[in-house]
Structure formats: structure tokens, C-alpha cells
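Chemist: got a sequence here, can you build the structure:
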Amino acid sequence: MTQKPQTSASASPSLVTSDSKNYFLNFKKGEINDLLESLRASALERNSTKQRSLIKTVISNMTLGRDVSSLFSEMIMASNTRDLVQKRLVYQYLCNYAEAQSELSILVINTLLKDCCDGNFMVRALAVRAISSLKLPNLMEYLVPPVLAALRDPAPHVRKSAILGVTKLYHIAPKELQDRNVLPTILALTKDKDPQVVINALCALNEIHEEKGNFPFSRELIIPLLVRLKDFN
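Modeler: This next block holds a predicted model:
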């Protein structure tokens, strides 16, 4: 009985040929081009539901490692929305490419700076979170001022976000924040009317002093906190 010769997996011809590689490459390029046209169309139509769905698709592609930087202009335009979910997604895209491509970083920062002054406190808080998440040590002179300004925002939600932002920036550029004498401002926020702002301020002080040991809580700091202990329930 004649046995058929066995072929190993390595000996078998590859299923992915150069033609098929080109096909998948072209398919991806075609998909990105379709997204570009769809984003432009949805912006003209002012179809917010469709636009949010498209932006989610862009983020999915970015998460998969595809280069969707060619959509940058359309995504910048998409940040001009009152839809907070869409704005958060756009910020995620913008921050990703700001860190990866320095030539885009100034455009991203300018967009976020504009939103830091928005009339809606939720938009301001989102912008402060995003701008303090940018890991751009060479551009701290643009990132630090809006975050410090937000520490004095009339909305507690923005102040909470700003305190967290200061902590993030401190890990990236501690000298920049030390030179701006930010710690007294954070310390003053331990007397804020909003309990969550106070808690964030205490946590920030402790984290900033972590390398030197925990923050030295003085009697002057602790007594007022004990007096209003019921506010923290």
C-alpha cells in the first residue's frame, strides 16, 4: 500500500500572498477614506447621532493600531459639539495624536484651551482633564496655566478635576509646578465648601509629598476638618 507523502505546515504554501496583503492594505485605506467622507457629510447634515457613531468607529480603528491621523481636521471640527460623550471621544483621539505627532500638539492644546473657558462647567472639566493628561514635558508652559486657573473655577466639579490635573502634571514636571508655588493653592482648597474638593485636595497633597513621606498634617489643618466631619458622610 502506497502512503501519501506528508507535508509539514512549513512546507505548505502561504495562504497570505503579496496580492492578498495588498488587498487588505487597500481595504483599510478605503475604509479610512470612507470614514473621512462620512464625517464630512455628517458635519454638513448636523446629524449628531450619525456623527457620534462615526467617531466611535474612528476610536475603534485607532485602538486597533490603524493610522487614522488623516482624519485629524475632521475630528478637530467634531470637538465643536454640546454632546459631552462625543467631546470625550474626540479628546481621546486628539490627545493620542498630540503625544505621537508633535506638529499636531499645538492644534490640540489650542482646542482644549478654548474649551477650558466654555460656559458649560462640564465641558470645562473635561477639557482640564484632557489637557492635564497630555504627556508633553516640552509644552508645560501651555498646559500648566489653564489647570491652575481651574483651581479657582466657580464650579466644584471643575476644581475637583483641576486638583487631579495638578497631581498628574506634578509627576511630569515637578519643577514647573514648584516654581509656580502651587502647593499653597491646593492647601487652601482643603477649606473648600465642597467636601469632594476637600478630599481631592488632601489626596493630592499626600501624593505630591509621597516621595518625601506623607504630607505633614498640622493641627491648623486637622481641627477645621474635624469640625465639619459630618459634611463628609
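Chemist: run a quick neighbour tally on L205.
Modeler: For L205, the neighbour count with other C-beta atoms under 10 Å is 22. Bear in mind the C-beta positions are built from the backbone N, C-alpha and C, glycine included.
Chemist: hang on, I meant S73
Modeler: Other residues close to S73 by other C-beta under 10 Å number 12.
Chemist: likewise for R88?
Modeler: Around R88 there are 13 residues (other C-beta under 10 Å).
Chemist: contacting residues for the closest residue to it other than its chain neighbours?
Modeler: Nearest non-adjacent residue to R88, counting by C-beta to C-beta, 6 or more residues apart in numbering: L126, 6.0 Å away. Taking C-beta atoms under 8 Å, 6 or more residues apart in numbering, we find L126 in contact with 84, 87-88, 91, 115, 161.
Chemist: if you count neighbours, what's buried in the helix or strand hosting L126?
Modeler: Element membership of L126, judged by DSSP states H and E, is helix 121-133. Neighbour counts over helix 121-133 (16 or more other C-beta atoms under 10 Å) mark 121, 123-133 as buried.
Chemist: out of those, which is nearest to G65?
Modeler: Comparing the buried residues of helix 121-133 against G65 with C-beta to C-beta picks out S133 as the nearest, at 20.2 Å.
Chemist: may I ask which helix or strand of this structure has the lowest mean pLDDT?
Modeler: Taking mean pLDDT, DSSP states H and E as the measure, helix 18-45 is the helix or strand of the chain with the lowest mean score, a mean of 67.
Chemist: what packs against the next helix or strand along the chain from that one?
Modeler: Remark: after helix 18-45, the chain's next helix or strand is helix 48-63, criterion DSSP H and E. Applying 3 or more C-beta pairs under 8 Å, 6 or more residues apart in numbering; DSSP states H and E, one finds that helix 48-63 contacts helix 18-45, helix 72-78, helix 84-100.
Chemist: would you mind putting the ones you listed into JSON lines with distance to R219 alongside?
Modeler: What follows is the helices and strands packed on helix 48-63, written out as JSON lines (distance: least, C-beta to C-beta, whole Å):
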{"stretch": "helix 18-45", "distance to R219": "58"}
{"stretch": "helix 72-78", "distance to R219": "51"}
{"stretch": "helix 84-100", "distance to R219": "42"}
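Chemist: quick one, which of these is nearest to T63?
Modeler: Among those, helix 84-100 comes nearest to T63, with 9.4 Å by C-beta to C-beta.
Chemist: do you know how far V128 is from P216?
Modeler: Applying C-beta to C-beta, to the nearest Å, the value for V128 to P216 is 28 Å.
Chemist: give me the buried entries from the contacts of L126.
Modeler: 87, 91, 115, 161.
Chemist: find the helix or strand that the third one is a member of.
Modeler: The reference is to D115. D115 belongs to helix 102-116, assigned by DSSP H and E.
Chemist: name the nearest residue to the spatially most central residue of the chain, sequence neighbours excluded.
Modeler: With distances taken as C-alpha atoms, centre = their mean, the residue of the chain nearest its centroid is A130 (3.7 Å). Spatial nearest neighbour of A130, chain neighbours left out: Y91 (4.2 Å); criterion: C-beta to C-beta, 6+ apart.
Chemist: my guess is that neighbour contacts I131. True?
Modeler: No: the pair Y91 / I131 is not scored as a contact, 9.1 Å apart, by C-beta atoms under 8 Å.
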